[in-house]
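**Q** Make a model of this:
(4 chains)
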2 protein chains.
Amino acid sequence: MVKAEQSPEQSMAAEERILKAATTIFREKGREGARMQEIADAAGINKALLHYYFRSKDLLFERVFIESARLFFSRLNEILQSERDIFQKITQLCDAYISLSVENPFIPVFIIGEMNHSQDIFISKMFTATQTRPDFSIFREQLQAAAAEGMIRPVAPHHLIMNILGLCIFPVIAKPMMQFNMGIGEKEFIAMMEERKRLVPELIISSLKIEKK
Amino acid sequence: MVKAEQSPEQSMAAEERILKAATTIFREKGREGARMQEIADAAGINKALLHYYFRSKDLLFERVFIESARLFFSRLNEILQSERDIFQKITQLCDAYISLSVENPFIPVFIIGEMNHSQDIFISKMFTATQTRPDFSIFREQLQAAAAEGMIRPVAPHHLIMNILGLCIFPVIAKPMMQFNMGIGEKEFIAMMEERKRLVPELIISSLKIEKK
DNA sequence: GTCTATATATGGATAGAC
DNA sequence: GTCTATCCATATATAGAC
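**A** Below is the predicted model of the structure:
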């Protein structure tokens, strides 16, 4: 515990503590709601050190946002471009995004909020930085092939992806509404989301298989 | 144009202009992102007058939030408690919430964001003020009756409502993500949401009718 | 690298004239 | 009711000692 030393580990520790604290607070309160003082307190250092390491609130925010967006979107790409068939991919996507949202309930609200509050130019820049722009080409071809074979009915990829993400993520961001408007408690909510890991893939897949009209 | 007069109409006009401007700006930027100066500018008056009419930013925000929440949640109640059967109600809910979200794209993000950023006590107070707490009893009974008759398979109301709202609202709040991550332009987005007025009820209703297992 | 102290800017709110 | 001018608290950011 030789605290006087200025070892690289000490330096790293402070920088990481700041980043960890900033991540928590930005995600919970958003860019505008977060306070540098609060981040400093949570990191156990003072405001001056924040600026020493990250120069400004905007830059610190960018770091947090990019990392959050990467965490959120990288799974999408991984699953879409794997070697699995469409049904496995759908099941994996549901499981991944329900788990991700339940375990990090602030991330979806954070990303959605900031994306809707920022200028297009900023969002574009952030996305380029995350390097997670998903490639739908493989998935699209799989869907077309399956439709051509009569295995499923034709479906536009963006509709399908929105269906999956909406069904998996929306309940998490609407949780307060469910609490106050529908009387769903914490335990019921957890149970409900667990049920949805089974219900949502079933719903999505059955809708593809039905021969209607 | 006798501007010197202090008629009640003049007074009303200013108050309403403020409320209109505040509504727009709070919805777009959120409670923390909104600036009283900006609201004053948009209303064509100065900051002092904001406080004259609404006392504080918090009170002005409450007015806007309550009115927005009322607009958003009142449709839910209306439809759930109407005399229609469950299939008509589902179709109406989809149509209503797609239209509402497309026409007022900031409202869902606004309500969701503020509900996730506020204390439970505040949210609770706001909801009491809106007087729009939905009553699911009729809808629940209808679902149970239909299931008992074998018309549909059993389904929990809160799952069903989340499915509907998620499928209708999520694409709107995820619009920036679709733009930058999936290359969906403004025209494609509008067309997509129009398609969903047909696709979503079809998806929901078919999932209820299927006899699986 | 880390701190204390301080500069600077900004935003919400009030005082007081008209 | 409406304005200008100003106060005051808070927030980001910097200077400079250690």
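**Q** Can you read off the pLDDT for A:Q6?
**A** Predicted confidence (pLDDT) at A:Q6: the value is 43.
**Q** what residues go with each domain of chain A?
**A** Here the domain parsing of chain A from automatic domain parsing is A:9-55, A:67-209.
**Q** Switch the ones you listed over to CSV; also include distance to chain B and mean neighbour count.
**A** Quick note: C-beta positions are derived from backbone N, CA and C, even for glycine. Converted to CSV, the domains of chain A look like this (distance: least, C-beta to the nearest C-beta, whole Å; neighbours: other C-beta atoms under 10 Å in any protein chain shown):
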stretch, distance to chain B, mean neighbour count
domain A:9-55, 4, 16
domain A:67-209, 3, 18
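**Q** For those, could you give me TSV that also reports mean pLDDT?
**A** Written out in TSV, the entries for those read as follows (pLDDT from 0 to 100):
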stretch	mean pLDDT
domain A:9-55	94
domain A:67-209	97
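**Q** Out of these, flag the one nearest B:I205.
**A** With respect to B:I205, and counting by C-beta to C-beta, the nearest of the domains of chain A is domain A:67-209 at 10.3 Å.
**Q** how far does that closest one sit from the chain's center?
**A** Here domain A:67-209 shows a centroid-to-chain-centroid distance of 9 Å under the convention C-alpha atoms, centre = their mean, to the nearest Å.
**Q** same check, this time on stretch A:33-52
**A** Computed by C-alpha atoms, centre = their mean, the chain-centroid distance of stretch A:33-52 equals 25 Å.
**Q** end-to-end on that stretch?
**A** Across stretch A:33-52, the straight-line distance between its terminal residues is 22 Å, by C-alpha to C-alpha, to the nearest Å.
**Q** Could you provide the domains of chain A in CSV, with additional columns for distance to B:R198?
**A** Formatted as CSV, these follow (distance: least, C-beta to C-beta, whole Å):
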stretch, distance to B:R198
domain A:9-55, 35
domain A:67-209, 11
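**Q** and B:E195, which of those is closest to it?
**A** B:E195 lies closest, by C-beta to C-beta, to one member of the domains of chain A: domain A:67-209, at 7.3 Å.
**Q** Show the end-to-end separation of that closest one, please.
**A** The straight-line separation of the ends of domain A:67-209 (C-alpha to C-alpha) is 37 Å.
**Q** now the angle from the lengthiest helix in chain A to helix B:8-33?
**A** Ranked by residue count and defined by DSSP state H, the top helix of chain A is helix A:8-33. For helix A:8-33 and helix B:8-33, the angle between their directions (axes from the mean of the first three to the mean of the last three C-alpha atoms, to 10 degrees) works out to 160 degrees.
**Q** is DNA strand D contacted by helix A:8-33?
**A** No: applying C-beta under 7 Å from any atom of the strand, one finds that helix A:8-33 is not in contact with DNA strand D, the shortest distance being 8.5 Å.
**Q** Quick check: next helix or strand after that helix?
**A** helix A:36-43 (DSSP states H and E).
**Q** what angle sits between the following helix or strand past that next one and helix A:36-43?
**A** Tracing the chain C-terminally past helix A:36-43 and defining elements by DSSP H and E, one meets helix A:47-54 next. What separates the directions of helix A:47-54 and helix A:36-43 is an angle of 90 degrees, with the same axes, to 10 degrees.
**Q** so how far is helix A:47-54 from its chain's centroid?
**A** For helix A:47-54, the gap between its own C-alpha mean and the chain's C-alpha mean amounts to 27 Å (C-alpha atoms, centre = their mean).
**Q** what does that helix contact?
**A** The contact list for helix A:47-54 (C-beta atoms under 8 Å, 6 or more residues apart in numbering or on different chains) reads A:A14, A:E15, A:I18, A:A22, A:M36, A:Q37, A:I39, A:A40, A:A43, A:L60, A:R63.
**Q** cool, stretch A:19-29 as well?
**A** Residues external to stretch A:19-29 that are found in contact with it (C-beta under 8 Å, 6+ apart): A:34-35, A:38-40, A:42-43, A:54, A:60-61, A:63-65, A:67-68, A:104, A:106-107, A:110, B:32, B:117.
**Q** again, 7 Å this time
**A** Contacts of stretch A:19-29 with the rest of the structure, by C-beta atoms under 7 Å, 6 or more residues apart in numbering or on different chains, involve A:34, A:38-39, A:42-43, A:60-61, A:63-64, A:68, A:106-107, A:110, B:117.
**Q** just stretch A:194-207 next, same as before
**A** In this structure, residues lying in contact with stretch A:194-207 by C-beta under 7 Å, 6+ apart are A:87, A:90-91, A:94-95, A:98, A:163-164, A:167-168, A:171, B:159, B:203, B:206-207, B:210, B:212.
**Q** Show only the entries of those residues found in helices.
**A** Assignment to helices by DSSP H places the following of the contacts of stretch A:194-207 there: A:87, A:90-91, A:94-95, A:98, A:163-164, A:167-168, A:171, B:159, B:203, B:206-207.
**Q** of all the residues you listed, which comes closest to DNA strand C?
**A** A:P171 (32.3 Å; C-beta to the nearest atom of the strand).
**Q** That closest one - nearest residue in space that isn't next to it in sequence?
**A** Distances taken as C-beta to C-beta, 6 or more residues apart in numbering or on different chains put B:M162 closest to A:P171, at 4.7 Å, once the chain neighbours are dropped.
**Q** cool, A:A43 as well?
**A** When the adjacent residues along the chain are set aside, A:A43 lies closest to A:A21, with 3.9 Å between them (C-beta to C-beta, 6+ apart).
**Q** secondary structure element for the spatially most central residue of chain A?
**A** Geometric centre of chain A, nearest residue: A:F72, 3.0 Å, by C-alpha atoms, centre = their mean. Mapping A:F72 onto the secondary structure by DSSP H and E places it in helix A:57-80.
**Q** which helices and strands does that helix pack with?
**A** The elements that helix A:57-80 packs onto, with contact taken as 3 or more C-beta pairs under 7 Å, 6 or more residues apart in numbering or on different chains; DSSP states H and E, are helix A:8-33, helix A:47-54, helix A:86-103, helix A:106-117, helix A:120-130.
**Q** A:P134 and B:N181 touch, don't they?
**A** Yes: when contacts are counted by C-beta atoms under 7 Å, A:P134 is listed as touching B:N181 (6.2 Å).
**Q** which neighbours do the two share?
**A** Taking C-beta under 7 Å, 6+ apart as the contact rule, A:P134 and B:N181 both touch A:F73.
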